[in-house]
Structures are given as C-alpha cells and as structure tokens.
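1. Test case, fold it:
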Amino acid sequence: MSAFKLPQGPETHPWIQTFQWLKNPLGYMEECAKQYGDIFTLRIGPVFKPQVFISNPQAIQQIFTTDPKHLGSGAPIGIALVGKQSLLGLEGKPHQRQRKLLTPPLHGEKILAYGHLIREITEKVTDKWQIGQPISVLSSMQEISFEVILKAVFGLQEGSRYDQLKELLLKILNPEQPFIRGIILLFPLLQRDLGAWSPWSKFLRLKEQIDELIYAEIKERQEKPDPSRTDILSLMMATKDEQGQPMTDVELRDELITLLVAGHETTANSLTWAFYWIHHTPQVREKLLQELDNLGEQPDANEIFKLPYLNAICSETLRLYPVVMLVLNRFLKSPLEVMGYNLEPGTVVIPCIYLTHHREDLYPDSKQFKPERFLERQFSTSEFLPFGGGNRRCIGMAFAMFEMKLVLATVLSQWQMELADTKPLQPVRKSTLLVPGEGFKMVVRGKRLQNQPVLQTSVS
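-> Numbers count the residues shown, from 1 in each chain. I've put the predicted structure just below:
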C-alpha cells in the first residue's frame, strides 16, 4: 500500500484555523473548497488532529457504506448533556441494539398519530398573535417544537412536573452566555466545576434537577403501566431487544434528552427558514397555498404529509441552510483510501452537508431558493443529506419532516403574514448549529380564508 497522504489544506496554525472556523464557518469552508476542491484537511479544536472535509457524493457514499468496524464515531459535542447511553455516543453492537429499539416508535403509522396534537399546539401558540403586530417567528416555532417534544415524546400532561421540567430544560437549552457554553462544550478541558457560580457548575446543577424529574416520571410509569398511552416514552418503555430485555432507565433518560436536543432547536430553526423563504418568494407561496387549498377544509395529516410541493419546499429549506453543517465525525480505525488519498488510522473524516448542498453540478444557482429542483429529480442520500447518513442518519428524520409540514400547513392555511422588512435573512452560527440571524420578524396581517387571494406584499 502506498504511503499515507493527507489532502491539501490551509497551512495556518491550528488555533488560527479554529478561530476562523468559529467566527465564520460557511465562509471558511467555501474558501477552502474554492482553493482545494472536494476534499481538504483542516486542524481545528478541540482535537487539532487532521480532519478531512469531504463534499464529493461518491466519497461520502463510500464513508456511509464503510463497515463500522473500520470507522469509529467521535463523541458529539453535547455528550455531557445527552449522556453516554445516547444513540449519538454509542458504537458497534450497543449502537445497533439501541437503534433497533428506537426505530418503531419514530416511524410509520406511529408518527401519524401525533398529527392532531401538533396542529392543536400550533393553533394554541399562533392564537396569541396580534393582527398588525410584528412577531418573532423563531420564538413561536421554538415554543411549538418544545411543546410537541414535551407532549408527544415525553408524554407529559400539563401540571407541576410539566412546568418544572419545561422551565429547567429551557434554562439548559438557552444559557445566559451561549458563546461561553459553546466553547466549554467544545473543549472538554474547560469542563470543570469551579464552585456554585462557575458556568460548568450551573450546567451540572441544572442537569441533576432535570434528571431527577425524568427518573421520577419513568418510575411512575413503571409502577402504573398504562397500555393505552401512545407517547414516544411509553412506546420506548414497551420495546424489548432480541434477548427480551427492555431499555434501562439510564438509556431511556439519555434517549429522551437526545430527542429533545436534536429535535427542538433544529426543527424550530428549519421552520423559521421555511417561513422566510416562502414569504420572500411570492410565487412559491402562491403555489403552496393552492396545493393546500385543494385538500379542502379539514385535511387529514397523512394527506398533508404526502403533498409534493410542500415536501419540495421543506427539502429546499433543509438544503439551502442545513441546521447541522457537518455529519457526525468519523475516525478511521484502519487505513482507508478516499479519492486517491491513503488516510492513516486516527484521521477524522467529515462529510460536509453544507458544501455538498451547494455543489453547482448538483444544485445550479445553489444560493437561490428553488423548491422545483426537488420535483425535477431525485437526489441520492449522499447528495442530499440534511439528516446525515449511513448507520448514523438521524433517527428522528421522519418525525421532524412530519412536524415541519404540519406546522407550515396549519399556519399558512390560517394566517396572512408578510416579512417585516426587506433585509435578506443571513445564517449565523449558534454553538454547532447554523441558525437564522437574530431579530427576524414577520407581521400578521389577518386570518386567512380558504382560496383567499395571496397578499402581494413580499420581497422577491
């Protein structure tokens, strides 16, 4: 076998690369792609080892289909919150077992049962909107996605435990100093308890209080089983592996927190982008409203889920600014040749979602919002990968798409809205996510009746 060789990449000091990556990840990746092509090497913190970024679909497919015994997964940045029994942190047989147990509650007929609940929560949140007033779309979407998780996933009814858990989870998910929290989660060396007022100490106390409430809920369900319950926690508690063993309390806790962390911010941000693009592009909105109106007054959730143009809008939203920029890191356990480079064990390989979604050979005019591209052709799982891929593809993908479509359909069928200003909405980095810039507002113009003409006040 030929000597180990890394793809080219910036020669700057790893700390400078880390700074550029933290400051402007999209610009930095685009600059590297322009200079080095489909595969390049960065050395960014916290590992500072060679990290090979890949945006070539064939090479990404190769990574996704390589036997997991040759590829390990790096611990995700949020492992301190989600826990070591989370699907995100497991490998090999334990990962396979957990994935098998979690798949049924999050797919097929099971998720359709949450249609009524998602619509009900959406209507409850949007009924607080004031006509003529600007609203923060992101805040409303965060409220909807958070309630969906507490009620559909955790299965909590409103009451004292619901209120306590909601308050604590919002505190841990929205820290007072998000940048400092992000840096601490990125660099494990900084994760030290330096007394009650230190950021890490506050994080640990919050986590303890949350765990106490979750374990109390699990214990109560075990003592008073109710087979009629359909929430995801109840379904997870009822599943058994091939040896007839159920998930342990720790596994249940870690997966619940994983679903919360992975499903709350990501869905809320994707919905916010969708509302922006739909109202920024009047012809898209007109076509979508026509499709929704054709379903009649009280459409079935399954009919909404199958709408082709709504699906194309959601896909194009997830393509343009995927909330997660990169696939979960893989590190090589044995040598691997990728695109002519012989990579040595220990090298980190990172399929890059954002750069792949902006390949002009796949997505001409990639910076333009064009849902039609998803009606004109099918993209492979290594060309369109907002939920990652291979044995690490996000297990909540079907649920996230279902929720996104139902919320959009419910809001757009009922409300006339327009953008509050003509400023283009730019993505910004928030910890490991790519989110819509601060302060994005829309104005509610009134209730919408079916087949009502579209307000032509948007910016194209």
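2. What residues of stretch 142-159 count as buried?
-> 142-156 (16 or more other Cβ atoms under 10 Å). For every residue, glycine as well, the C-beta is placed using N, CA and C.
3. Farthest-apart pair in those, please.
-> Maximum pairwise distance in the buried residues of stretch 142-159, criterion Cβ to Cβ, is 20.2 Å, between Gln142 and Gly155.
4. On the three-state scheme, Cys394 is what?
-> State at Cys394, reduced to three classes by DSSP: H, G, I helix; E, B strand; the rest coil: coil.
5. can you tell me which residues contact it?
-> When contacts are counted by Cβ atoms under 8 Å, 6 or more residues apart in numbering, Cys394 touches 262, 387-388, 400.
6. where's it relative to Met404, distance?
-> As judged by Cβ to Cβ, to the nearest Å, Cys394 and Met404 stand 13 Å apart.
7. now do Pro299
-> 16 Å.
8. Please compare these two by neighbour count and tell me which comes out ahead.
-> Ranked by neighbour count (other Cβ atoms under 10 Å), Pro299 and Met404 place Met404 first, with 25 against 16.
9. Looking at the buried residues of stretch 142-159, which is nearest Pro364?
-> Ser145 (32.3 Å).
10. Would you pull up how far stretch 57-67 lies from the middle of the chain?
-> 21 Å (Cα atoms, centre = their mean, to the nearest Å).
11. my bad, should have said stretch 286-297
-> Here stretch 286-297 is found 27 Å from its chain centre; the criterion is Cα atoms, centre = their mean.
12. same question, stretch 22-34
-> Going by Cα atoms, centre = their mean, the spacing between the C-alpha centre of stretch 22-34 and its chain's C-alpha centre is 21 Å.
13. Look up how far Arg429 lies from Lys34.
-> 20 Å.
14. My guess is Thr272 contacts Leu138. True?
-> Yes. In this structure, Thr272 is within contact of Leu138 by Cβ atoms under 8 Å, at 4.6 Å.
15. any shared contact partners between these two?
-> 435-436, 440.
16. And the pLDDT at Arg181?
-> Looking at Arg181, its pLDDT stands at 58.
17. quick one: contacts for the residue most central in space within the chain?
-> Central residue of the chain (Cα atoms, centre = their mean): Thr266, 3.5 Å from the mean position. Contact partners of Thr266, counting by Cβ under 8 Å, 6+ apart, are 323-324, 400, 433.
18. neighbour count winner among Lys34 and Arg429?
-> Counted by other Cβ under 10 Å, Lys34 and Arg429 do not tie: Arg429 has more neighbours, with 17 against 8.
19. these two touch, right, the more buried one and Leu22?
-> Yes. With contact defined as Cβ under 8 Å, Arg429 reaches Leu22; the gap is 7.3 Å.
20. Can you get me the start-to-end distance on stretch 57-73?
-> Length of stretch 57-73, first residue to last, Cα to Cα, to the nearest Å: 20 Å.
21. Now do the buried residues in that stretch.
-> 57, 59-64, 66, 68, 71-73.
22. Need the residues you listed in JSON lines (columns: distance to Arg373 and pLDDT).
-> Output for these, formatted as JSON lines (distance: Cβ to Cβ, whole Å; pLDDT from 0 to 100):
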{"residue": "Pro57", "distance to Arg373": "15", "pLDDT": "97"}
{"residue": "Ala59", "distance to Arg373": "22", "pLDDT": "96"}
{"residue": "Ile60", "distance to Arg373": "19", "pLDDT": "96"}
{"residue": "Gln61", "distance to Arg373": "20", "pLDDT": "95"}
{"residue": "Gln62", "distance to Arg373": "25", "pLDDT": "94"}
{"residue": "Ile63", "distance to Arg373": "24", "pLDDT": "93"}
{"residue": "Phe64", "distance to Arg373": "22", "pLDDT": "91"}
{"residue": "Thr66", "distance to Arg373": "29", "pLDDT": "89"}
{"residue": "Pro68", "distance to Arg373": "32", "pLDDT": "80"}
{"residue": "Leu71", "distance to Arg373": "31", "pLDDT": "80"}
{"residue": "Gly72", "distance to Arg373": "35", "pLDDT": "74"}
{"residue": "Ser73", "distance to Arg373": "31", "pLDDT": "72"}
